[in-house]
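Novice: Fold the stuff below for me.
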Amino acid sequence: MVRDDLLDKRRDFREAIDLYKTYDNHHLISKLLVEVIHYYLNEYLINQYNNIENCEHQTSRKQIEIIEECFKEAIEKQDYLTYFIKAYTLTTCFFKELNKHLALYVLEYFDRKKYFSANYRLVNCLIHIVTLLIYHPKLHQYRFQGVCYRGMIITQYDLDQYKLNRHILNRSFLSASIDCKVAEMFAGEGQQSQMRHTYQSHRPLQYSCLCKYFIKQNSTAIYIESLSTRPDEKEILIIPFSVFKVINIKQNYLDSTKAISVDIELEECEDPSNDNPLEMVDRGFRDSVGLMRALGLDVCMPDFLNGRRRFDALEANRSRFISKIRWVVESANGRIKHFKWLNQTIQDSTIPQVRDYLRTSCELVNAHRSPAISSFMNDDMIVTKILENLHAPNLPRVRINDEILRWVNCDASQLANFPVLSIDQIRTITVGVFQLKQARSYCEEQCSTIHLDNPADFPLQIRVNDPQLIRISFKSRHSNTKTYYTYISFSTQDILNSCCDCPDGDRKVGVCSHRAAAIGFLSYQRYNNGPTINQPSGSYLNLLDDSDRIDDFVESTDEDEDYRYSLL
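Specialist: Below is the predicted model:
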């Protein structure tokens, strides 16, 4: 849809579906899904299948039965998100029919004149399908922000709708991908000569088109690779009623068989009236998340292992993304708690005064203490890297799981081609300094010394036939019985990839302390073992004497008994 009031349309749509926020009422949700099964699947789609002679592109009865099973499982297991995505990606016909009907009829939901039309039940079913997804309590785990690509084969009429600075609203789901190559395949890259054209002048009637979407809001798109029946497509699903602005159009030479005919860049339009508070909370709020969302808050919280050994890459990335923002809150709270009264359990009777006490404390902190956060020159680069890696898979983990790898024992002194990095380059990899502060103690334990210079022993293993893939064994600092392997893939210039067997070891947004220790020592510490601001914990042993080396015999005389002694 191309109009000037599209942000208003998006806002109206969100306000109209607020009633679906009450996701705790499973009985109501089940009734809505039953209506979708009985009417939309078993009545409307089947009638369409029976009334159309050419059923090649229509959803068949067998496919409808498969989709129906998915919706029934959604009711039984109370997990609409998982089974809707399964149904959406299972067959090609269902998502095409669904998106066609959304494009044709969804606007009737806002037209009061259509309340008593013949399509009333159909429109309601379509709204159920969309809004139950939008307000699913687990949707935040899959939210996507960043760049994605959508490949299409379009006509001249379609192309004419994309004008520079024009706003466009999608009335149906849009499938995109974080992998540009996947989108180019769907766009028919290199096949322009085979597309429709006029007989005499050979003027093209179809174009291969690649759209590049810049997703800015966290309620616009979801990354469904882990839920999809086609994970290789790395699909991003853009929610209906999202508004984009065309910011660039590039038409390429049509005689080039290797190029996309049209490149279009679209940037999401942010709604200035969208003032829903975004709450970043730690895991201690897990019992309150449902209530907070029911109150209209947008809540983000790190994930739980729930009996697993390790988070997958997306969960680990998202949790680090949240904790990176939460650190600012914890830092501010730590400063406030320096005031003794605010660092204790506060009695209910003093609640009326808490606001004044807190304001006074914050004013004192702001007036007499240095800023809690200092800017670094590469902060913008770190932020860019975080956003790029938020939805990136951990490729070394895939390789380790799929291949049988053989290793030989080695030492850091034999690792001549490992890249030498500056501390700023390492900070870009670790996304901060917290892991670097913990890294030295891991290195001291690994080297069995506090002198981390080049001759220090640092045991590691090199993969047979691939000297640029290594692994290092680290002991857990929480349990002496646990050992984690850290894997690092590198070139002579940079660290290419890494992963670890610890719970957060697969994240691409920063690294765990084990990876920070290995990368920091091999690329920097062994060449720069100068004095540190903090005394290494291992040096505390020099302050103690071994009791076995001290003679406990003390000479005494009878005269000593005549003296009185006092404790000083």
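Novice: I'd say E35 and N124 touch.
Specialist: Yes: proximity of E35 to N124 meets the contact threshold set by Cβ atoms under 8 Å, at 7.3 Å. Every residue, glycine included, has its C-beta placed from N, CA and C.
Novice: Looking at these two, which is more packed in?
Specialist: N124 (17 against 14; other Cβ atoms under 10 Å).
Novice: wait, doesn't that one sit right on V36?
Specialist: No: N124 sits out of contact with V36 when judged by Cβ under 8 Å, with a separation of 9.2 Å.
Novice: can you list contacts of stretch 223-238?
Specialist: With contact meaning Cβ atoms under 8 Å, 6 or more residues apart in numbering, stretch 223-238 is reached by 81-82, 85-86, 88-90, 142-144, 148, 170, 173-179, 182, 213, 215, 220-222, 312, 314, 391, 393.
Novice: what comes up buried for that stretch?
Specialist: For stretch 223-238, burial by neighbour count (16 or more other Cβ atoms under 10 Å) applies to Y223, I224, E225, L227, S228, E233, K234, E235, I236, L237, I238.
Novice: Check stretch 237-244 too.
Specialist: L237, I238, I239, P240, F241, S242, V243, F244.
Novice: who touches the closest residue to A412 other than its chain neighbours in this structure?
Specialist: Using Cβ to Cβ, 6 or more residues apart in numbering and skipping residues adjacent in sequence, the residue nearest A412 is F458, 3.7 Å away. Shown in contact with F458 (Cβ under 8 Å, 6+ apart): D411, A412, S413, C443, Q446, C447, I472, F521, L522, R526.
Novice: likewise C443?
Specialist: If a contact means Cβ under 8 Å, 6+ apart, then C443 has L452, F458, A517, G520, F521, Q525 as its contacts.
Novice: how distant is the helix or strand encompassing it from the center of its chain?
Specialist: Per DSSP states H and E: C443 is located in helix 434-447. How far helix 434-447 lies from its chain's middle: 27 Å, per Cα atoms, centre = their mean, to the nearest Å.
Novice: Straight-line length of stretch 290-300, end to end?
Specialist: With Cα to Cα, to the nearest Å as the measure, the ends of stretch 290-300 fall 12 Å from one another.
Novice: pLDDT weak spots in the stretch 251-400 of the chain?
Specialist: Low-confidence segments of the stretch 251-400 of the chain, defined by pLDDT under 70: 253-259, 271-277, 294, 296, 372-378.
Novice: let's see it at 50
Specialist: Low-confidence segments of the stretch 251-400 of the chain (pLDDT under 50): none present.
Novice: Do a quick rundown of the helices in it.
Specialist: For the stretch 251-400 of the chain, the helices defined by DSSP state H, counting those that start in this stretch cover 289-294, 313-336, 351-368, 379-389, 395-402.
Novice: Show residues contacting the last one.
Specialist: Applying Cβ under 8 Å, 6+ apart, the external contacts of helix 395-402 come out as A313, Y487, S489, N497, S498, C499, D506.
Novice: Who does whatever helix or strand the third one lives in pair with, and is each partner parallel or antiparallel?
Specialist: Spelled out, it's S489. Using DSSP H and E, S489 falls within strand 483-490. Strand 483-490 pairs in its sheet with strand 466-475 (antiparallel), strand 495-500 (antiparallel), by DSSP bridges.
Novice: Redo the ones you listed as JSON lines? Include mean pLDDT and mean neighbour count.
Specialist: JSON lines is the format used below for the strands paired with strand 483-490 (pLDDT from 0 to 100; neighbours: other Cβ atoms under 10 Å):
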{"stretch": "strand 466-475", "mean pLDDT": "90", "mean neighbour count": "18"}
{"stretch": "strand 495-500", "mean pLDDT": "92", "mean neighbour count": "22"}
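Novice: Looking at those, which is nearest to L305?
Specialist: Shortest distance between L305 and the strands paired with strand 483-490, using Cβ to Cβ, is found for strand 495-500: 14.9 Å.
Novice: C-terminal to the closest one, what's the next element?
Specialist: On the C-terminal side of strand 495-500, the closest following helix or strand by DSSP H and E is helix 513-523.
Novice: now for that next one, which elements pack on it?
Specialist: If you count contacts as 3 or more Cβ pairs under 8 Å, 6 or more residues apart in numbering; DSSP states H and E, helix 513-523 packs onto helix 423-430, helix 434-447, strand 466-475, strand 483-490, strand 495-500.
Novice: Could I get the buried residue list for the first one?
Specialist: Read that as helix 423-430. Q425, I426, R427, T428, I429, T430.
Novice: from those, which two are the most distant?
Specialist: Across these, no pair lies farther apart than Q425 and T430, at 10.0 Å, counting by Cβ to Cβ.
Novice: Let me know the pLDDT of the residue nearest to A412.
Specialist: F458 carries a pLDDT value of 83.
Novice: I17 too?
Specialist: 65.
Novice: How is the protein partitioned into domains?
Specialist: With domains defined by automatic domain parsing, the chain comprises 18-134, 138-270, 386-534.
Novice: Type out the PyMOL command that picks the buried ones from the contacts of C443.
Specialist: Restricted to buried positions by 16+ other Cβ under 10 Å, the PyMOL selection for those reads:
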select buried, resi 452+458+517+520+521+525
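Novice: which one of the contacts of C443 sits closest to R369?
Specialist: Here the nearest of the contacts of C443 to R369, counting by Cβ to Cβ, is G520; it sits at 29.7 Å.
Novice: how close does that closest one get to F490?
Specialist: Using Cβ to Cβ, to the nearest Å, one gets 13 Å for the distance from G520 to F490.
Novice: One more: V509?
Specialist: Between V509 and F490 the distance, using Cβ to Cβ, works out to 19 Å.
Novice: Then N528?
Specialist: 18 Å.
Novice: the more surrounded of those two?
Specialist: Of the pair N528 and F490, F490 is the one with more neighbours under other Cβ under 10 Å, namely 21 against 11.
Novice: so what's the more buried one bridging to?
Specialist: Counting by DSSP bridges, F490 is bridged to I495.
Novice: Tabulate the contacts of F458 in JSON lines, adding columns for distance to P137.
Specialist: Listed next are the contacts of F458 as JSON lines, based on distance: Cβ to Cβ, whole Å:
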{"residue": "D411", "distance to P137": "51"}
{"residue": "A412", "distance to P137": "48"}
{"residue": "S413", "distance to P137": "53"}
{"residue": "C443", "distance to P137": "42"}
{"residue": "Q446", "distance to P137": "43"}
{"residue": "C447", "distance to P137": "47"}
{"residue": "I472", "distance to P137": "40"}
{"residue": "F521", "distance to P137": "43"}
{"residue": "L522", "distance to P137": "43"}
{"residue": "R526", "distance to P137": "48"}
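Novice: Narrow those residues to those that are buried.
Specialist: Here, 16+ other Cβ under 10 Å leaves A412, C443, Q446, C447, I472, F521, L522, R526 buried among the contacts of F458.
Novice: Closest one of the buried residues of helix 423-430 to H136?
Specialist: The closest of the buried residues of helix 423-430, once distances to H136 are taken by Cβ to Cβ, is T430, at 33.7 Å.
Novice: tell me the helices in the stretch 51-200 of the chain, going along the chain?
Specialist: Using DSSP H, counting those that start in this stretch, helices in the stretch 51-200 of the chain cover 61-76, 80-90, 92-105, 120-134, 156-160, 180-187.
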